[in-house]
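1. below is the sequence, then the predicted model.
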Amino acid sequence: MKVTTIAIDLAKNVFNVLGMDVHAKQLFNKRLNRIQLVEFMQLQPPCDVTFEACYSAHYWGRKFNSMGHHVKLIPPQHVTPFVRGNKNDKNDVMAIFEASLRPHIRFVPVKTEEQQEVLMLHRVRERLVRQRTACTSQIRDVLVDFGICFPQGYSAFELAMWDIMNDDHQRPLIKLMANDFWDEYQVLTKRLKQINSLIEQLAMQDPNGSILLSIPGVGPIIASAFAASIGSGQTFNSPKELAIWLGLTPKQFASGTKSVHSGITKRGDGYLRKQLIHGARTVVSHASKKQDDLSMWINQLRTRKTMCCTVVATDHRLARLMWILPQKQNPVSASVWCLSCCMLKPLSLSCTARSGQGYLTRVGDMSGEIAH
């Protein structure tokens, strides 16, 4: 029989490869090293190749796609329920095959090398931010024991270090450690500026990134991370699916006629969700100074809900907009945002809300001009 599906349990050096025919009958199940895996896959006819979207998955996805195979990456959390028996490579690869047959599995698109380069910059940037924060927090903590206390924040840290290093009456060892922390802080800040500049350049060069930059609350960091992680959002059929994947929807506990909703699910990419919420927080914090429809909606919601709830609700709406724009390949300035139905529409198109007249506002310049 001809092999139609190959499931692979990825690893660093040893891979478990399972071959199935159209009737789900096992044809082979073997262990191969990296060189043997490439040679073996080159000899196979074009077929579906499935494995978990984990370590090195996108590299192997590009490799197998170039051989003519159809690669399907499965989120690891959807594979775990299908593992039967003990935890070993053979059971894992069988679970991967069974999970690939499920009708409602959303496969992960294979990322290009350019997308992974951008995500690599974001991971390095996140590490540098943590290191710089740890540096300032540690020196701030240890100096309290010597009666030196200064506020949080980078500006206060720089001012305090400058005062300590230029204080002739300060203890020598404290001045020495202050110089050491200051040098470390300077190096981390310089590296962060370089990476931020590079991310901004890449965001402007990316077609999707330049479109996303037209959305309120979206800067180069968010635009580049979103475009590198999701592309144009082709994996999702609607903006609602994207919001669910980002973990911005409430948790549901339902049984029979009783349904309870609590906090957001926090599924998906935690780094991307964090950056989106930071961007939405900026929009919410400036909403009180503006009179456009989006700001008015935020201000009305703020009177009924907490700050965090308002930020997440705003992020939910902006995330939907971030799916719509790359799909249409149009910036915000070319369209209008309907607050009543969360859809982008041409400037000449009127809208009727669920409860009456809908309002369309230019979101690009946030001028508050009412189109209809």
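-> Happy to help now that I have it.
2. how about G279: what's its closest non-neighbour residue?
-> Closest residue to G279 apart from its sequence neighbours, by Cβ to Cβ, 6 or more residues apart in numbering: G217 at 3.7 Å. (Each C-beta comes from the backbone N, C-alpha and C, glycine too.)
3. over to N330?
-> Spatial nearest neighbour of N330, chain neighbours left out: I211 (7.2 Å); criterion: Cβ to Cβ, 6+ apart.
4. so which residues of the stretch 151-300 of the chain form helices?
-> For the stretch 151-300 of the chain, applying DSSP state H, counting those that start in this stretch gives helices covering 154-165, 172-205, 207-212, 220-230, 239-245, 270-286, 293-304.
5. pick out the shakiest of those, pLDDT-wise.
-> When the helices of the stretch 151-300 of the chain are ranked by mean pLDDT, helix 207-212 comes last with a mean of 84.
6. tell me what it is packed against?
-> Counting contacts by 3 or more Cβ pairs under 8 Å, 6 or more residues apart in numbering; DSSP states H and E, helix 207-212 is packed against helix 172-205, helix 220-230, helix 307-328.
7. which of those is buried the deepest?
-> The highest mean neighbour count among these, using mean count of other Cβ atoms under 10 Å, belongs to helix 220-230: a mean of 24.
8. what angle sits between that one and helix 307-328?
-> 60 degrees (axes from the mean of the first three to the mean of the last three Cα atoms, to 10 degrees).
9. could you list the residues in contact with helix 220-230?
-> 111, 114-116, 118-119, 121-122, 125, 196, 199-200, 202-204, 206, 208-210, 212-213, 218, 236, 242, 269, 271-272, 275-276, 278-279, 322, 326 (Cβ atoms under 8 Å, 6 or more residues apart in numbering).
10. if we go to 7 Å?
-> For helix 220-230, contacts defined as Cβ atoms under 7 Å, 6 or more residues apart in numbering pick out 115, 118-119, 122, 199-200, 202-203, 206, 208-209, 212-213, 269, 271-272, 275-276, 279, 322.
11. put the buried members of the residues you listed into a PyMOL selection.
-> Buried subset of the contacts of helix 220-230, written as a PyMOL selection, criterion 16 or more other Cβ atoms under 10 Å:
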select buried, resi 115+118+119+122+199+200+202+203+206+208+209+212+213+269+272+275+276+279+322
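12. how about the helices of the stretch 151-300 of the chain in a markdown table, adding distance to P81?
-> Putting the helices of the stretch 151-300 of the chain into a markdown table (distance: least, Cβ to Cβ, whole Å) gives the following:
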| stretch | distance to P81 |
| --- | --- |
| helix 154-165 | 46 |
| helix 172-205 | 37 |
| helix 207-212 | 34 |
| helix 220-230 | 25 |
| helix 239-245 | 19 |
| helix 270-286 | 22 |
| helix 293-304 | 38 |
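13. give me the pLDDT value at the residue nearest to G279.
-> Reported pLDDT for G217: 91.
14. show me the contacts for the residue nearest the centre of the chain.
-> The residue lying closest to the centre of the chain (Cα atoms, centre = their mean) is L272, at 2.7 Å. Taking Cβ under 7 Å, 6+ apart as the criterion, L272 is in contact with A225, F226, S229, L246.
15. ok, it to L119 distance?
-> Counting by Cβ to Cβ, to the nearest Å, the separation of L272 from L119 is 10 Å.
16. where do the strands sit along the stretch 1-150 of the chain?
-> Counting by DSSP state E, counting those that start in this stretch, the stretch 1-150 of the chain has strands at residues 5-9, 14-20, 26-33, 48-52, 70-74.
17. hmm, back to that, tell me the contacts of the residue nearest to G279?
-> The contact partners of G217, taken as Cβ under 7 Å, 6+ apart, are G279, A280, T282, V283, L318.
18. next, format those as a markdown table and append distance to R132.
-> Rendered in a markdown table, the data for the contacts of G217 read as follows (distance: Cβ to Cβ, whole Å):
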| residue | distance to R132 |
| --- | --- |
| G279 | 21 |
| A280 | 24 |
| T282 | 21 |
| V283 | 26 |
| L318 | 28 |
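19. can you name the two of the residues you listed that sit furthest apart?
-> Pairwise distances across those (Cβ to Cβ) peak at 10.6 Å, for the pair T282 and L318.
20. start to end distance for stretch 139-151?
-> End-to-end distance of stretch 139-151 (Cα to Cα, to the nearest Å): 12 Å.
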